[in-house]
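**Student:** sequence plus the predicted model coming up.
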Amino acid sequence: MQKREAVNLNLMILAPLLKEGMSKKTKARTQEEYEKKIAEFERNCEKSLIETFGRLSINGTVKTDPYSLPHKDEVVVTLNGESYLNGCWEFHRVAREIIKELLIRNIYQLRFYMWINVIDTPKPFLMGKVEYRFRFYEKQY
């Protein structure tokens with residue numbers, strides 16, 4: 001199983017993921033809570049992709065333990081943090097890029113999983129980035 005890198009849990013970019021309001025007092029964030037929430041978000045993204053693939057006649061499947069899948073290829077999409085905090089968590093922006101890449105490469109049968117990283121930027125006025133990695137291998141007919 002892959003291990004997640006520790007992330008600065010005080011980043012504003014994490015507020016939509018951890019479902020915290022700006023005005024109410026929040027409890028201390030933990031690495032375990034972050035890992036649980038990001039894994040849950042990854043599963044939701046995978047479900048969304050499977051549904052979209054079905055509409056496009058793409059046979060996409062995910063293993064029960066997705067991280068054990070030996071991937072041969074990946075599509076990486078990075079969304080920068082913005083003043084609209086939910087912007088980098090809007091998966092439809094990423095799904096478009098993934099589907100475009102699969103259609104260009106003429107891939108219609110695959111196994112895949114999502115690996116999502118939050119990246120802190122050292123520059124003071126940047127909010128961070130969310131990196132989406134769509135890891136897959138093409139099934140042979």
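**Tutor:** Thanks, I have it.
**Student:** in stretch 60-70, which residues are buried?
**Tutor:** By neighbour count on 16 or more other Cβ atoms under 10 Å, the buried set for stretch 60-70 is Gly60, Val62, Pro66, Leu69. (C-beta placed from N, C-alpha, C; glycine too.)
**Student:** Serialize those residues to a markdown table and add fields for secondary structure.
**Tutor:** As requested, these are exported to a markdown table (DSSP: H, G, I helix; E, B strand; the rest coil):
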| residue | secondary structure |
| --- | --- |
| Gly60 | strand |
| Val62 | coil |
| Pro66 | helix |
| Leu69 | coil |
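**Student:** which one of these is nearest His92?
**Tutor:** Of all the buried residues of stretch 60-70, Gly60 has the smallest distance to His92: 16.4 Å, by Cβ to Cβ.
**Student:** is it true that the closest one touches Lys47?
**Tutor:** No. Between Gly60 and Lys47 there is no contact under Cβ atoms under 8 Å: 10.8 Å.
**Student:** ok, the closest residue to Leu56 other than its chain neighbours - contacts?
**Tutor:** Spatial nearest neighbour of Leu56, chain neighbours left out: Ile99 (7.0 Å); criterion: Cβ to Cβ, 6 or more residues apart in numbering. Counting by Cβ atoms under 8 Å, 6 or more residues apart in numbering, Ile99 touches Thr52, Phe53, Leu56.
**Student:** would you list the buried entries among those?
**Tutor:** For the contacts of Ile99, buried by 16+ other Cβ under 10 Å: Thr52, Phe53.
**Student:** where does the protein have low pLDDT?
**Tutor:** Along the chain, the parts satisfying pLDDT under 70 run over 1, 20-27, 124-125, 141.
**Student:** which residue is nearest the centroid of it?
**Tutor:** Nearest to the geometric centre of the chain sits Ile116, at 3.7 Å (Cα atoms, centre = their mean).
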